[in-house]
Every structure is written in structure tokens, then in C-alpha cells.
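K.L.:
fold the following, please.
(chains A and B)
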Amino acid sequence: MTIRSNGDVGNMSVVSETRGQWLSLRGLMAAPLRLVMGTLNRPMTFIQKRFGIGGMGAVFLAPNMLIFSIFVLVPVAINLAYSFTGGMPIFFGERHFVGLEQYQALLSCADYTKPATCREDAFWQSIHNTVFFVVMQVTVLVVVALVTALVLNREMRSRGFWRAVFFFPVLLSPVVVGLIWKWILQRDGLLNAILVEYGFERTLWLAERNWAMFWAIFVSVWAHLGFYALILLAGLQAIPRDLYEAAMMDGTRAFRTFRRITLPLLWPNLLVVITLALIKAVQIFDEAYVLTGGGPGTSTLFITQYIYETGFAHVLRNLGLASAASMLMGLVLVGLTLLQLMASNRGNREARA
Amino acid sequence: MSAVSTFLLRRRGGKGWHWTDVLSYIWLGIGLFLMFGPILWLALSSFKTPANLVEFPPTLLPLDARMANVTGYDKPLPLYRVKQDDGAERVLAQVRRVGLMAQMVDPVNPGELVRVPIDKRAAERDVKLATGNYTEPLQQFNFLRYFQNSIFVTVMATIITLIVNSMAAFALSKYEFKGRTAVLGIILATLMVPLSVIVVPLYLVVNELRLFDTLWGVILPTVATPTGVFLLRQYMLTIPDELIDAARMDHASEWQIYWRIVLPLAAPALAVLAIFSIMWRWNDFLWPLIVLSRKEQYTLQIGLNAFSGELNVQWHYVLAMTVLSILPVAAIFLFLQRYITSGIASTGLK
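P.N.:
Next comes the predicted model:
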């Protein structure tokens, strides 16, 4: 099975097997739909007379592309323009052109390893935090998701139940995830109660720099684990059973089977999972924001929160600086996405071969 | 209990246990505890009274003081189990507490006041669900409004998403026209542009359109999802062109072909997109946080965040409302789990 394939139709078969069950629900929803669509028929026929059958393609595309242009394409262009302007006003006409000054402000640094020596120290602090977060979170996430997928792929009953256990947090909103853990980690929370019960000291988990970072990583792994485990599980289930049977016949040890069969055949999926996790991790915002609010101090301030605070939350909002920072982040993300497309294309080719 | 353990522990093959089985079940056990424990704890905590919530160490179940009506007293009095000097235990009702001493009466025979040191008494408590945690925020605070807003946003955004995305997907899969590849390319390229990168200019656009601080300002920027167009297009490619040609022969208009033939056939893919759209919009946080500023306009997620960010967090309300906000998601998960998991496994979208 392939993931996020481009132009490959075969992978939609999973969806089509559920076709029959929608009949009843469709019947229920059909009545109002028929009314709306039916009344739209007359104007649409008129339009068809004007533009011809060939022109209807553009007509069908229009609403989506209109919304899309206004809310995605135009903002991308504006973002670029804004990153070259300075000053306090919100509206473009009132702002003055500053060239590359915003980028210079962001990038001027005496020593990139020490955020305190930079002109925009908060930006570099957020980069340091994000890099640390991304490296730790993605490593832990991929390893834990892989182990979980391997366990869930074993022959056992009630597999659906166990899969649901690991998957359920994926559906929770980041706010809910943040709140649940904030509640457990607070001073008189469940975790401290358990620790005190066993004779340990109470710790202010979210008020100590290193612990706050630890919990930001832990909580985001907790929230997204099921998603990646599911993708890996789909990959594992696509590995032919007879390979394992042959290995068992030959008396191959479990670890060797894993290294020689599972890992190479799962590699395309793993690559996709790693790049997807990277892309998500670079943008980390909501869970961490609800959990720690960036604190204590700036110890869990990540790039997206920096952009949000510089552009919106601050009294001295600096839209130019925020735009420049988001352009830099966009560059990194485009790079990562290209990497991901390459990975999934390679995966497709290998899956077909 | 044993039925539960056999249900959870039975193996498919019926063969003996291997050490990897043991490790697997240890992993699953830790997983169950870590993944489900917090949610269970949230649910249990949400039924506790404020007094019960601030207790340390916390009680597992929501407990509330057992009260008794004692003749001669207007209000119900809390009951305590009191250890007497001779070692016997009695249940007494507390009238008031003065310093380290409590004045108590026998609820059956309320004649004289007994003075008891407070460390000699333990509260009699019952498991009781503080349902007020759920009803009060809906009545006194804006939470009902937040719910309505969230439902409005989710429903409208999902309907519009399904309509415009399916129209675009129809055009991109069943028509030949100039620039089709270019449009597809643009849509694919913007899969890379996450919202967090364009929040600043998006804010300006929404402001310019006078949509700032309105629910439509939350809805519209999210509806033209590239992922949705992509998913639907891939599915519509599998619908044979002969069907459409046959319909044209019968003088069906293009619009009729779209909604009478293509839409019903694409229902499974539409269902997957609908489920995902509901999840996305219900859980959205960063964008509504930027667009909405008046409290009456808050969605549930923003309301929860604001409520939990106050100086004196009223945890009993926050927890109850969190549970309420999970319920629709949990319902969707229970009934439509297969669509979600197959959707993720086949497309890698979330």
C-alpha cells in the first residue's frame, strides 16, 4: 500500500469498500440536496449554453479557486511584500519600504549558538527551542510509533480495541490535549500525588525550564503517536506474509527478520512518516501554547508562537518582522515538503516495482 | 474481571506464550495506562465539586459530603465519623467548627452539642456526580454560545468544503481545458503552505473584507482545502467517462451530471472528507484565536483556552466543558472509526 501517492488511483480501494453502507444515510440527506441542486439547474444550464460544455470545467473550478486565491494565494504574495516594509501601521499603503532590513534584523547575530548575542534574541531563542524540540520529538515519536505499529501488527485478538486506544488522542483538539496534561501536571495534580505517595518530592513540572520542555515533547508525542503508528501499521500489513513464513522455516531469529525483512520493506513508509513528523513538528504551536504558554520565561517559545506574538499579541506589534520570520519558516517547510514528495514518490516506485 | 482479562489476553493462534508476546502486552498495558488514563482522569475529575478537586492527594472517584437534615437546624449538616475516647465510632453531624474543635450533634438525638477535636473526625462521603459543573457554565457563562458558534462553524465550513471541493475535483478530473495542469500544480504546491506561515497577511485580507471578528472570517479561509480537492479528484478519476458520455447523449446538463451522477458515486470519498473536515474545524485553534476578539464570537476551543487562562482557573468548569467538547469527537470516532483509519492509511492526511 502506498501513502499520499500522486496520481495513483489504486490506493482509493480502501475507501470504495465502504460504499454500500452509505446508501441509507444518503437517502436521508438527498431530499434537501435535491431541492438546492435542482433549483441551481436552470441558471447552470444557462451558463452552459453561454460557455459550451468545454467551458464548464472552468465554471466548476471557479468557486474553489476564487476562495483559494483570496485566502491563500493573495496572502502568500502579501506576506512577501510585507516582509520588506517597516513601521507600526497595519495597512500596506501607510507602511514604508525598508528593503531587507527585517531579514537583517532577524539574521544579525554575533554568535548563532547564543541567542542572547542576537539582535532579535527571542527569535533565535525560539529557533533554538524549535530545533531541540524537533530533533527530540521526531526521534521519540518515530521510534515509539514504530514499536507500537509492530506490536499492533502481531497476531492477537481485539486488535481493533488496542488500535483505538493508541489512536483516540489524535482526534482530540490541541486545546483539550493541553488542558488534560496541564491538569495532571499542576502542583496538586495527579502526577505529583502519585510521586508523593511513593515518597518523592513534589515538582512544579511546568515551571522549571527543562521539565517544561520535556513535557512539551512528551505531550506532543502522546497526541500524535496514533496517527503515525497507523500509517506504519498500514505499511507493515502490506508486507507479504510468506516472507515471514519463509524466514521462520529457516529458523531466522526475530531481530534478524526485523532488520532484513521488516525494516527495508517498511523504509518508504518510514521515510514518509519522518518527513511528515518533521513538517508538523517545525510548526508546533497549539498544544505547547496551551500547556506552557511559552514559559517559564522563553524556555518553550517556539517559532510559530514567536510569529503570533510579534505580529498580533504584542502591544508593539511588528507585522513586517513577523512576515519576514514566517517567510523564513516557509522556506524551511517548502524544503521539507519537497523532501517528503521525493520520499513518497520513491515509495511509490518501490511499491510498484 | 476474569472475563475481561481473557477478552484482552486471548491469542489468535492459541499457541503457547513467547517472550515477545509478554513484551507486547507490557507495551500495550503501558499504552492503555498512558493513552487512556489521562482521558479517564479528566472524565472523573470533571464530576468533582470544587472542594473535592483541590484536595491533595486527590480522590479517585468524585466524592461529596453526606448531608443529613437534623431537627432544629435549617440547613442540612455534613456527617462525620467520629472516633470516641473509648474507641467506639459514632456518626455525628457537624454544626460548626471553631479552631481545632468541632461542635457536633447526634443526628438521631439532637439534644446536646458534643465538642470533638477535628483530627478525631473523618468526613462521611458518598460518590456523587457534581453535575452542576456541566449545567452552570452553560447557563451562567457563554459556553452555550461557544457551542453554538463551534457547531455553526463546523457545519457551514464542512458543507461549503464539500460543495466547492467536489466541483473543483469534478472539473479537474473530467474536463480537458487549458491550464488544468497549472491549477493542479498550484493546488499541490499549496499543500506546503501551512496556515501558520500566512497568518499575518490572511489577517489583513480578512480585515479588508470586513470579516474580522465574525464567524465567516473563521469559516471562509479554511474551506478551499487543497487536500480535499486532491482526495476527491483521485477518487473521481476512477468513475468511468462512459457514464458521463451516456448522460450527455440523454441531454443531461453538465450540472445534472455533476450532482446526479458524479456526486452519488463519489459518496464514500465525500464521507471521508466530511469526517475529516468536521474534525479539523471543530478542533481549529490558531486561526480562530487570531480572528475572533469578542467573547460572543468565540468558538469552543477559544472559549476553553480563555477560561483556563484566567487568573483564578475554575477547574471544575474547565474540565466539564473539556469533556463536553470531546463528546462529538468521541461519537464520531465510535461510529465511524473505520472511515477515519482507512482515510488516514490511504491518504496520509490528518
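
K.L.:
can you name the residues of the stretch 201-350 of chain A sitting close to chain B?
P.N.:
Residues of the stretch 201-350 of chain A lying close to chain B (Cβ under 8 Å from any Cβ of the partner chain) are A:222, A:225-227, A:230-231, A:233-234, A:254, A:272, A:276, A:279, A:283, A:285-286, A:290, A:293, A:304, A:307-308, A:311-312, A:319, A:322-323, A:326-327, A:329-330, A:333-334, A:337-338, A:344. (C-beta placed from N, C-alpha, C; glycine too.)

K.L.:
of those residues, buried ones?
P.N.:
A:222, A:225-227, A:230-231, A:233-234, A:272, A:276, A:279, A:283, A:285-286, A:290, A:293, A:304, A:307-308, A:311, A:319, A:322-323, A:326-327, A:329-330, A:333, A:337, A:344 (16 or more other Cβ atoms under 10 Å in any protein chain shown).

K.L.:
would you map the helices across the stretch 1-150 of chain B?
P.N.:
For the stretch 1-150 of chain B, helices defined by DSSP state H, counting those that start in this stretch occupy the ranges B:2-9, B:19-31, B:37-45, B:50-53, B:132-140, B:143-174.

K.L.:
now the residue of the stretch 101-250 of chain B found nearest chain A. Nearest residue, chain neighbours left out?
P.N.:
With Cβ to the nearest Cβ, the shortest gap between the stretch 101-250 of chain B and chain A falls at residue B:175, namely 3.1 Å. Once flanking residues are discounted, residue B:175 sits nearest to residue A:57: 3.1 Å by Cβ to Cβ, 6 or more residues apart in numbering or on different chains.

K.L.:
average pLDDT across whichever strand or helix holds that neighbour?
P.N.:
Assessed by DSSP states H and E, residue A:57 sits inside helix A:23-68. For helix A:23-68, mean pLDDT is 81.

K.L.:
continuing past it, what's the next helix or strand?
P.N.:
Following helix A:23-68 in sequence order, the next helix or strand is helix A:74-82 (DSSP H and E).

K.L.:
contacting residues around residue B:262?
P.N.:
Residues near residue B:262 by Cβ atoms under 8 Å, 6 or more residues apart in numbering or on different chains: B:166, B:170, B:174, B:236, B:239, B:244.

K.L.:
doesn't it lie inside a helix?
P.N.:
Yes - assessed with DSSP: H, G, I helix; E, B strand; the rest coil, residue B:262 lies in a helix.

K.L.:
also compute the angle for the strand or helix carrying residue A:177 relative to helix B:37-45, please.
P.N.:
Element membership for residue A:177 (DSSP H and E) is helix A:174-185. Put simply, helix A:174-185 runs at 80 degrees to helix B:37-45, going by axes from the mean of the first three to the mean of the last three Cα atoms, to 10 degrees.

K.L.:
what angle separates the helix or strand following helix A:174-185 from helix B:37-45?
P.N.:
Proceeding N to C from helix A:174-185, the next assigned helix or strand is helix A:190-197, under DSSP H and E. Computed by the same axes, to 10 degrees, the angle separating helix A:190-197 from helix B:37-45 equals 90 degrees.

K.L.:
list the buried residues in stretch B:62-79.
P.N.:
Judged by neighbour count using 16+ other Cβ under 10 Å, the buried positions of stretch B:62-79 are B:62-66, B:68, B:70, B:77-79.

K.L.:
pLDDT added to the contacts of residue B:262, as a markdown table?
P.N.:
Output for the contacts of residue B:262, formatted as a markdown table (pLDDT from 0 to 100):
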| residue | pLDDT |
| --- | --- |
| B:166 | 94 |
| B:170 | 94 |
| B:174 | 89 |
| B:236 | 90 |
| B:239 | 89 |
| B:244 | 91 |
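
K.L.:
and which of those is nearest residue B:214?
P.N.:
When these are ranked by distance to residue B:214 (Cβ to Cβ), residue B:166 comes first, at 25.7 Å.

K.L.:
so what's the residue count around the closest one?
P.N.:
For residue B:166, the count of nearby residues is 26 (other Cβ atoms under 10 Å in any protein chain shown).

K.L.:
thought the residue nearest to residue B:175 was touching residue B:179?
P.N.:
No - between residue A:57 and residue B:179 there is no contact under Cβ atoms under 8 Å: 9.7 Å.

K.L.:
more neighbours, the two?
P.N.:
When residue A:57 and residue B:179 are compared for neighbours, residue A:57 comes out ahead with 24 against 12, by other Cβ under 10 Å.

K.L.:
run through the residues that contact that one.
P.N.:
Contacts of residue A:57 (Cβ under 8 Å, 6+ apart): B:171, B:174-177, B:180.

K.L.:
next one: residue B:93
P.N.:
B:68, B:70, B:77-80, B:104-107, B:110.

K.L.:
point to the residue nearest the middle of chain A.
P.N.:
residue A:280 (3.0 Å; Cα atoms, centre = their mean).

K.L.:
count of neighbours near the nearest residue to that residue once chain neighbours are set aside?
P.N.:
Nearest residue to residue A:280, sequence neighbours excluded (Cβ to Cβ, 6+ apart): residue A:224, at 6.9 Å. Other residues lying near residue A:224 total 22 when counted by other Cβ under 10 Å.

K.L.:
show the pLDDT at residue A:224.
P.N.:
For residue A:224, the pLDDT comes out at 91.

K.L.:
now do residue B:23
P.N.:
Value listed for residue B:23 in the pLDDT field: 87.

K.L.:
please apply the same query to residue A:124.
P.N.:
89.

K.L.:
how far is stretch B:140-151 from where the chain is centred?
P.N.:
Stretch B:140-151 sits 14 Å away from the centroid of its parent chain (Cα atoms, centre = their mean, to the nearest Å).

K.L.:
ditto for stretch B:39-49
P.N.:
The answer for stretch B:39-49 is 14 Å, by Cα atoms, centre = their mean.

K.L.:
buried sites along it?
P.N.:
Under 16+ other Cβ under 10 Å, the buried positions of stretch B:39-49 are B:39, B:41-42, B:44-49.

K.L.:
just give me the neighbour total for residue A:194.
P.N.:
When neighbours are defined as other Cβ under 10 Å, residue A:194 has 13 of them.

K.L.:
so what's the residue count around the residue nearest to residue A:102 when sequence neighbours are not counted?
P.N.:
Distances taken as Cβ to Cβ, 6+ apart place residue A:324 nearest to residue A:102, at 3.8 Å, with adjacent residues excluded. Residues lying near residue A:324 (other Cβ under 10 Å) number 31.

K.L.:
now swap in residue A:288 and tell me
P.N.:
26.

K.L.:
equivalent analysis for residue A:95, please.
P.N.:
For residue A:95, the neighbour count with other Cβ under 10 Å is 18.

K.L.:
chain B versus the residue lying closest to it once chain neighbours are set aside, what's the distance?
P.N.:
Among residues not flanking residue A:95 along the chain, residue A:85 sits closest, at 4.0 Å (Cβ to Cβ, 6+ apart). From residue A:85 across to chain B, the span is 11 Å (Cβ to the nearest Cβ, to the nearest Å).

K.L.:
quick one: contacts for residue A:279?
P.N.:
A:333, A:336-337, A:340, B:194 are the contacts of residue A:279 under Cβ under 8 Å, 6+ apart.

K.L.:
relative to residue B:117, which of these is nearest.
P.N.:
Comparing the contacts of residue A:279 against residue B:117 with Cβ to Cβ places residue B:194 closest, at 62.9 Å.
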